[in-house]
Structure formats: C-alpha cells, structure tokens
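In: no sequence on hand, only this structure:
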RNA sequence: GUCGCAGUAGCCCAGCUGGAUAGAGCAACGGUCUUCUAAACCGUAGGUCGAGCGUUCGAAUCGCUCCUGCGACACCA
C-alpha cells in the first residue's frame, strides 16, 4: 500500500468492519471526497452495501462506525446513510510536509513509465508561414505532456514534424521569383514570404498559369534542381531561425526537427512494403489500403498520378520512429479535426504489423477560431503567436510598473509572467474544448490565470526570504487549523494528479490543481499571520515551503516559470 | 446524409469511472491595505445542468430519441 493512500486506509477499515463481505477494492472505488468539509475528509455511501447485506444503509453506516478501529482517524461518524471519516490532521500533515521537504521537486514522481520511450509529434509549423495560436496549442500541450511523462518515469522524445515539403513550395518559389525581394526576406523572412504566398493565392484565381508554374517548380525541387533547392533551403533555414526565437520565448525545445522532407527518401520503401504485404490495391486509378474490415474508409497511399500523400509520409515517420526509438507510445498532438485520419493511420500501421502501432494515440485538441471563424493563412485571417506573446509581456510590464515598481529583474519577470499567462491560458481548459480567441480574455492576470498561481508562489517565497532562519526540522510539521488543513489535503493529492494527468494526456489536470492549491494558499495567507514567533512558526514555514515547492513544480509541468518575486 | 465532439449562471469554464444543498473565475454590487506583495481575501446577487423518455434507492454524470453548434467524411496536411 502506498504510504500516502488514505483512501486505502479507509477501504481496509470498512472491509474489516463488515467482516470482508465486500472486497476492499470494491469499497475503494466507492469512497468519495465530500464536497462540504463538515462531512469529513473521505466518505463512504453505505447504499452500495444495502443489497448484499440486506439492511438499510443507515443501519449499515451505524454498524461500521461502532465496529471500526478508529485510531487512524480523528473521528468516524455516521451521517444518515454515509460514513464520514475525519483524517488524523497531525499525522497527515506531518507525513505530507516532511515528504515534500525531503523529496523537493521530485515529490509526486513515480516510475510507472519504467524508462520506456514515448515519441511526441508536436508543434509542426509550416515553413514560410507564421506560427499562429493553433501552433501554440500543439507546442504547449506537447511540451507539458513531455514533462508530465518524465515525472511518471517515461522518456519522451519531442519531435517537431515541420511542414517543410509539398506543393506549396512550388507556389512559394514562383511567388518569390515574381514579386520577391532578397533584402526583405533577409530582414523578416516569414513576414515577407507569407505576403508572397497570400498574393499568389489571390492572383491565381485570375491567372491559372501561376499554378502551372508552381507545379513545375515543385517538380524541379523534387528532381534536385540547384536553384529550387537553394531557395527551399534558404526559406527553410530562415523560417526555422524565426521559429526557434519563438520557442525560446516559450521555453520549449525539441529532441529532433525531422520535418516532412526528412522522409523523402523513405517513401518508396513504404510503398514497396505495402505491396509485398499485399495490402496495396488499385481503386479509381489511385493506390489504397482497404480498411473496410475496420469500418473505415480506405487510406489513399498514392494519387492517380503516382505522387505520394501525407499518409504515406506519416507511415514512413511511424516506421522510422519505431526502428529508431522503439517507443511504447507514439503520440500525435494534433487538432481534433484529424481524428478520423489518425484512426486510418493507426489501422494501416496495425495491418503492417508495426510493433508500436497499438501505442499510437492521437492527442486531439479543439479548434481555435476568431469570431467563430476558422483561421487561415491563405486568407490572411490569422492570430499571430508572437504578437499575442508580445502584447502579454507588455501588459505584464505595465502591471509591474503599477504594482511593484521597485522590483529587480523587471524585464525578466515581465517575460515570465506575460508568457506564462498565455501558456497557462491555453492549458487550463480541457484539451478538446474549442476556443474562440479573444485577446482581451487572454490578457487577464486576475482570477483563474497563470499570474494568479505565480503570485501565490511569489508570496510564499517572499515570506521564506523574510524568515530569518527557516528551520524545517522534522520534529514539528503538524498543523490542525481549517485553512492549513485544506492546503495540506491538496498537497497530499498531488501525486495522484500527476498520474491522472499522465493517463489522460491532460495538462489541464495540473493547471486546475495548481489553481486550487494557489487559492487554498491565498486564503490561508490572508487569514493566518505566518511570521509570528510562536511554537508553530516552523510548522507554518514548512507548510509555506511545501506550497512553494509544489506550486513551482506544477507550473514547471505546464512549462510556466515561477519567479520568486513579481 | 453518415460518423465524431460539444451544449451547465449574462460571459468563460469545473464537476461527468452515478451519491449528501450543482461549483469556481470574469462581469455587477458591497466590504478589507499604519501588520508577511490588494496580481489578493471576504460577502451579495445570479441555474428548467439544450429538450424528452428510460435505467436506478439516487442522474449534470449512464442508455435511447430529438434539437442546436462545430468538425471530419479518397487524390490538401
């Protein structure tokens, strides 16, 4: 039994009290956290036993209370059909706080992953296009999942599957040669390249010749024409450089940048293998893999003209990852509009017998819209990530000037808070929720926001700094007042939250938890004077230290910085 | 048309492996800085949990039907 699992303690006690008529594991799943604190810390609804025991639930609750061995609890009371358990506050707080002080930022770590590798396909911006709020989602969710996986004992590999190949490069080269300017592109590559791209899509409505030219340029690129390759490499390098600046702002890095072009020489092998395995069929001139036995539409591998498609490339990618890393899971942090596609991809890989195919998980997230409309680079309808980040940092600077003008490292803190607000804002809601973007909402620093959590952490650190000789000796960590008890119960839950977030690939579990903890701490902070020289001073400081550790670690799991002052 | 996701307070969302009086935040109104950072805390007000039927001792939560919105449904990724 986990030393911290009080639910198990309760389940065992109940099972004993009813002479093991129902298994502890069955009881365990029924135990709940009461909404109201007057109903205890854990509760058992006795309804579930009334059928097997042929008694009224109220009667059963009474019986359990009289028979239970109460030494582990402050009290156990029957409230109608419920048995309410009040945990031993001194024991629990002593245990939880000393654990955190010893384990520090490793509190909540577990070894479920057993060092197994998980590949994460994430971020994946397109060359020569600016990163939008949509890319933010994939980047920030993927980054957080990687951190959560690490905390659960996995070895994540973050792979930025850049969109650096495809017919759009024919268009881009054509547009650049017609309207482009070398100096401009050198100055601000993405800004100008995207202008050319948008212009191309405007003008090709009138002038179908453009498309013909674009196709020719892409063909040249595929055939290794030096001029085409030179331009492509230039666009790619310049774009990547710009992306990396944004990633630096977000504090995200990648293990690999194997974009789509990386798999160019691996596509033929996919086609050959599918043929050898007898999976490839002709249909309406194209080559497909039939998936009707999986109740799915066929996967289109080769177009009528013999050209490959994205499935082909994704199959090559999955095979490469399988061979190179032997991952136990292969995650794709990609918008929910591609759910059906990933079902097809997985089905094909399973048919091919790929070892890691079962571990393929699409980790979808909801669409970002503006005024209810989908974002589109082509139509110039886009929210630029850099602009949002810059606005948010600017806002953070204003807040500092107003609230804490004497602060050191103002610029760094403004960066941490401004960027943190954007990241946290994206991660606090369930992944699948779609978001109608609104800059004003995004730039809120009050209430349920990243800065709120950061502020609670900074307050805790501020106290610890003021405390002359914080003494975290083991002897006295027990606190029993109501406000600190709420904090301690939350601290105790952290390891479970870490597991749950991992199982569901759900960073918002961590974000919501951090809000709850910050809120409970702010309440405690407001109601209790901490720096008072009495018997419990060290216990209070130990609690403050524990809160600071767990808040910082929660923010860290989200990829958000936790400044000590703000 | 078929499939998927969603519908909870004026707005944005928790709660959804069924359990005690449905919870936060924003916005509104009122209170709290000579005391550890007021980016905070406390209070007031605000609800047919999209609609209906069913399962159950008990349904926001599970099942079915319907309504609404968004998305996906072979040569874009």
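Out: It's in. The shown structure was predicted, so the numbers you read here are calculated from the model rather than taken from an experiment. Residues are numbered from 1 along each chain as shown, chains lettered A, B, ... in the order given.
In: going forward, measure contacts between C-alpha atoms and count neighbours the same way
Out: Will do.
In: where do the domain boundaries of chain A fall?
Out: A:6-87, A:117-261+A:325-374, A:387-558 (automatic domain parsing).
In: distance between stretch A:261-272 and the chain's centre?
Out: Centroid separation for stretch A:261-272 versus its chain: 31 Å, with C-alpha atoms, centre = their mean, to the nearest Å.
In: now for residue A:85: which residues touch it?
Out: Residues in contact with residue A:85, defined by C-alpha atoms under 8 Å, 6 or more residues apart in numbering, are A:10, A:39, A:40, A:41, A:42, A:43, A:73, A:74, A:75, A:76, A:77.
In: one more: residue A:539?
Out: Here residue A:539 is in contact with A:472, A:476, A:477, A:478, A:479 (C-alpha under 8 Å, 6+ apart).
In: still on that earlier bit, got the domains of chain A as CSV, with mean pLDDT and distance to residue A:277 columns?
Out: Formatted as CSV, the domains of chain A follow (pLDDT from 0 to 100; distance: least, C-alpha to C-alpha, whole Å):
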stretch, mean pLDDT, distance to residue A:277
domain A:6-87, 89, 46
domain A:117-261+A:325-374, 92, 7
domain A:387-558, 93, 34
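In: ok, and of the contacts of residue A:85, which contact RNA strand B?
Out: Residues of these in contact with RNA strand B (C-alpha under 7 Å from any atom of the strand): A:39, A:40, A:42, A:43.
In: skipping adjacent residues, who's closest to the first one in space?
Out: Among residues not flanking residue A:39 along the chain, residue A:84 sits closest, at 5.9 Å (C-alpha to C-alpha, 6 or more residues apart in numbering).
In: could you check whether the helix or strand containing that neighbour is close to RNA strand B?
Out: Assigned by DSSP states H and E, residue A:84 belongs to strand A:82-87. Yes. Strand A:82-87 reaches RNA strand B (C-alpha under 7 Å from any atom of the strand) through A:82, A:83, A:84.
In: equivalent analysis for stretch A:369-377, please.
Out: Yes. Stretch A:369-377 is in contact with RNA strand B by C-alpha under 7 Å from any atom of the strand, via A:372, A:373, A:374.
In: could you pull out the helices for the stretch 301-450 of chain A?
Out: Under the criterion DSSP state H, counting those that start in this stretch, the stretch 301-450 of chain A contains helices at A:310-325, A:339-351, A:385-403, A:410-427, A:439-442, A:450-466.
In: could you dump those helices to JSON lines with distance to RNA strand B and mean neighbour count?
Out: Output for these, formatted as JSON lines (distance: least, C-alpha to the nearest atom of the strand, whole Å; neighbours: other C-alpha atoms under 10 Å):
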{"stretch": "helix A:310-325", "distance to RNA strand B": "4", "mean neighbour count": "18"}
{"stretch": "helix A:339-351", "distance to RNA strand B": "5", "mean neighbour count": "18"}
{"stretch": "helix A:385-403", "distance to RNA strand B": "4", "mean neighbour count": "18"}
{"stretch": "helix A:410-427", "distance to RNA strand B": "6", "mean neighbour count": "23"}
{"stretch": "helix A:439-442", "distance to RNA strand B": "7", "mean neighbour count": "12"}
{"stretch": "helix A:450-466", "distance to RNA strand B": "4", "mean neighbour count": "22"}
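In: of all these, which lies closest to residue A:154?
Out: helix A:310-325 (12.8 Å; C-alpha to C-alpha).
In: next, the angle helix A:339-351 makes with that closest one.
Out: 50 degrees (axes from the mean of the first three to the mean of the last three C-alpha atoms, to 10 degrees).
In: I'd say residue A:442 and residue A:420 touch.
Out: No. At 11.0 Å, residue A:442 and residue A:420 do not qualify as touching, with contact defined as C-alpha atoms under 8 Å.
In: report the next helix or strand after the longest helix belonging to chain A in sequence order.
Out: With secondary structure taken from DSSP state H, chain A has its longest helix at helix A:226-250. Sequence order places helix A:267-276 as the next helix or strand after helix A:226-250, per DSSP H and E.
In: is whatever helix or strand residue A:545 lives in in proximity to RNA strand B?
Out: In this assignment (DSSP H and E), residue A:545 forms part of helix A:537-558. No. Judged by C-alpha under 7 Å from any atom of the strand, helix A:537-558 and RNA strand B are separated, with a smallest distance of 9.1 Å.
In: distance from the chain centre to that helix, please.
Out: Using C-alpha atoms, centre = their mean, the offset of helix A:537-558 from its chain centre is 22 Å.
In: what residues sit buried inside it?
Out: A:537-558 (16 or more other C-alpha atoms under 10 Å).
In: likewise stretch A:375-384?
Out: Quick answer for stretch A:375-384 (16+ other C-alpha under 10 Å): A:375, A:377, A:378, A:382, A:383.
In: and the two most separated of those residues?
Out: A:378 and A:383 (12.7 Å).
In: run a quick neighbour tally on the residue in the stretch 351-500 of chain A positioned nearest to RNA strand B.
Out: Across the stretch 351-500 of chain A, no residue is closer to RNA strand B than residue A:447, which sits at 3.3 Å (C-alpha to the nearest atom of the strand). Around residue A:447 there are 11 other residues, counting by other C-alpha atoms under 10 Å.
In: measure it to residue A:455 for me?
Out: Distance, residue A:447 to residue A:455, using C-alpha to C-alpha, to the nearest Å: 11 Å.
In: kindly report the same for residue A:206.
Out: Counting by C-alpha to C-alpha, the gap from residue A:206 to residue A:455 is 56 Å.
In: ok, residue A:467 next?
Out: Taken as C-alpha to C-alpha, the span from residue A:467 to residue A:455 is 18 Å.
In: I'm done for today, thanks for sticking with me.
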